[in-house]
Structures are given as C-alpha cells and as structure tokens.
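Enquirer: Pasting the sequence and the predicted model now:
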Amino acid sequence: MAKRFISWALLIFMVATLTACVVAPRTAPPPPRREMRSASPGAAYFWVPGHWKWRHGDWYWIRGHWEKKRRGKVWVPGHWERRGNRRAWIPGHWRKRRR
C-alpha cells in the first residue's frame, strides 16, 4: 500500500514538474532588463525581478512584482535551464526553509 502511494506521488510530481516548464528554442533569452521598482507595499513584501518568457516564437518581458513573504518558506527564483540543445523555464516557487 505504501509502495503504491509513493509510486503515485512520484508520478504526480514528475508530471507536475514537466508540465510546469516551457521548452524554448536553442537561443538563450536576452539579458535581463533593468526595471524601476514601485514603492514596496510593506515590510512583509520582497521584490521578484522580471524575466523573459518564450511565446509564439518570440521572447517577451514579464515585469517584476512585489510578492508577500510566507512564514517558514523561501522564494526560489525562476530561471532558464539548459536541457540538451534547448532551454526550459523553471518557474519561481516557494520552498520550505531548511533548518
């Protein structure tokens, strides 16, 4: 029973991971843009920088934004990762803080 649950959990994790990334062409994204930050909404927020996204055969810029901090978690920034001769977008996400 436990083995079957672990197998299903692993399968669900793999499907979620693979569907969360976007495969782009062989070219790297352009360098990040310099952005002007708006005023912070408060001490409980931090700035998530913008990033390039691939869509319909071209790169376009997603502006940065303020994100509310989550207790006991850290933000892992999104990034482009090389996968063979292509690149894949790994979205930013919250991860439990390691102790």
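Expert: In hand now; what should we look at?

Enquirer: residue ranges of the helices in the protein, please?
Expert: With DSSP state H, the ranges of helices along the chain come out as 2-20.

Enquirer: lowest-confidence helix or strand of the chain?
Expert: helix 2-20 (a mean of 53; mean pLDDT, DSSP states H and E).

Enquirer: Count residues in the vicinity of residue 88, would you?
Expert: A count of neighbours around residue 88, defined by other CB atoms under 10 Å, yields 17. C-betas here are computed from N, CA, C, even on glycine.

Enquirer: for it, which residues make a bridge with it?
Expert: residue 23, residue 81 (DSSP bridges).

Enquirer: Distance of it relative to residue 79?
Expert: 10 Å (CB to CB, to the nearest Å).

Enquirer: show me the contacts for the nearest residue to residue 72 once chain neighbours are set aside.
Expert: Spatially, and ignoring its direct neighbours in sequence, residue 72 is nearest to residue 97 (5.5 Å; CB to CB, 6 or more residues apart in numbering). By CB atoms under 8 Å, 6 or more residues apart in numbering, the contact set of residue 97 is 72, 73, 74.

Enquirer: now, which of these sits nearest residue 33?
Expert: residue 74 (24.6 Å; CB to CB).

Enquirer: which residues does the closest one bridge with?
Expert: residue 95.

Enquirer: burial count for it?
Expert: When neighbours are counted by other CB under 10 Å, residue 74 comes out with 11.

Enquirer: Correct me if wrong: it contacts residue 95.
Expert: Yes. Counting by CB atoms under 8 Å, residue 74 touches residue 95, with 5.7 Å between them.

Enquirer: one step back: adding distance to residue 56, write the contacts of residue 97 out as CSV.
Expert: Below are the contacts of residue 97 laid out as CSV (distance: CB to CB, whole Å):
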residue, distance to residue 56
72, 39
73, 33
74, 33
